[in-house]
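In: give the three-dimensional model of this entry:
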Amino acid sequence: MGGADGILARLWYPEQMIETALSPTLPATVVHRVTGVIDQAEAAKGAAEALRVVQGRFADHGPLRLLLDLRGMTFASLQAHKVWSQGFARSPDLAGLVHHVAIVGTDTPTLRAEQELLTTDRVHFFVDRADAEEWLAFAAASGATA
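Out: Take a look at the predicted model:
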């Protein structure tokens with residue numbers, strides 16, 4: 001399904017990128033990276049493609065772990081954020097496919113507020129990708145499931 005570089009989906013727009021790939025280092029882990037200013041149309045396309053990749057990888061691997069790398073990304077509007085969130089991050093179609101989600105973002109008041117409100121045993125927020133990968137590796141090694 002993916003190319004030689006392991007990338008399963010890559011969408012480029014001027015000044016932004018949405019990329020979804022199976023992690024080369026973490027078992028059964030999909031990495032979804034978004035950078036730049038994302039408008040509503042790009043959010044919809046990127047969310048749909050990422051969901052398609054996760055669904056395809058689930059068929060191959062069973063329950064997955066998801067690393068959302070959102071550093072350097074902003075939504076152009078609240079509506080763009082809503083489209084991406086409902087289309088992918090909070091999609092009911094994603095719920096049964098993913099056991100653990102690590103969200104990597106820039107240390108801002110918004111990220112800290114989301115971290116405070118949304119952290120659970122299955123969802124954690126990080127400002128360092130290495131910490132996120134370590135948490136996901138622990139979840140994979142322990143066989144932890146929802």
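In: could I get the full set of strands for the chain?
Out: Counting by DSSP state E, the chain has strands at residues 7-13, 16-22, 29-38, 64-69, 73-75, 98-104, 123-126.
In: show me what the third one is packed against.
Out: When you say that, I think you mean strand 29-38. If you count contacts as 3 or more Cβ pairs under 8 Å, 6 or more residues apart in numbering; DSSP states H and E, strand 29-38 packs onto strand 16-22, helix 40-61, strand 64-69, strand 73-75, helix 78-84. Quick note: C-beta positions are derived from backbone N, CA and C, even for glycine.
In: show me the shaky parts of the protein.
Out: For the chain, residues meeting the criterion pLDDT under 70 lie at 1-16, 143-146.
In: state the distance from the spatially most central residue of the chain to Ala43.
Out: Central residue of the chain (Cα atoms, centre = their mean): Leu68, 2.7 Å from the mean position. Separation of Leu68 from Ala43 (Cβ to Cβ, to the nearest Å): 13 Å.
In: again with Phe88
Out: 9 Å.
In: surely Arg122 touches Ala102?
Out: No. Arg122 is beyond contact range of Ala102, at 10.0 Å (criterion: Cβ atoms under 8 Å).
In: and these two? Which one has more around it.
Out: Ala102 (24 against 14; other Cβ atoms under 10 Å).
In: so who does that one touch?
Out: Counting by Cβ atoms under 8 Å, 6 or more residues apart in numbering, Ala102 touches Arg65, Leu66, Leu67, Leu68, His124, Phe125, Phe126, Ala132, Glu133, Trp135, Leu136.
In: tally of neighbours for the residue lying closest to it once chain neighbours are set aside?
Out: Using Cβ to Cβ, 6 or more residues apart in numbering and skipping the chain neighbours, the partner closest in space to Ala102 is Ala132 (3.7 Å). Using other Cβ under 10 Å, Ala132 has 23 other residues around it.
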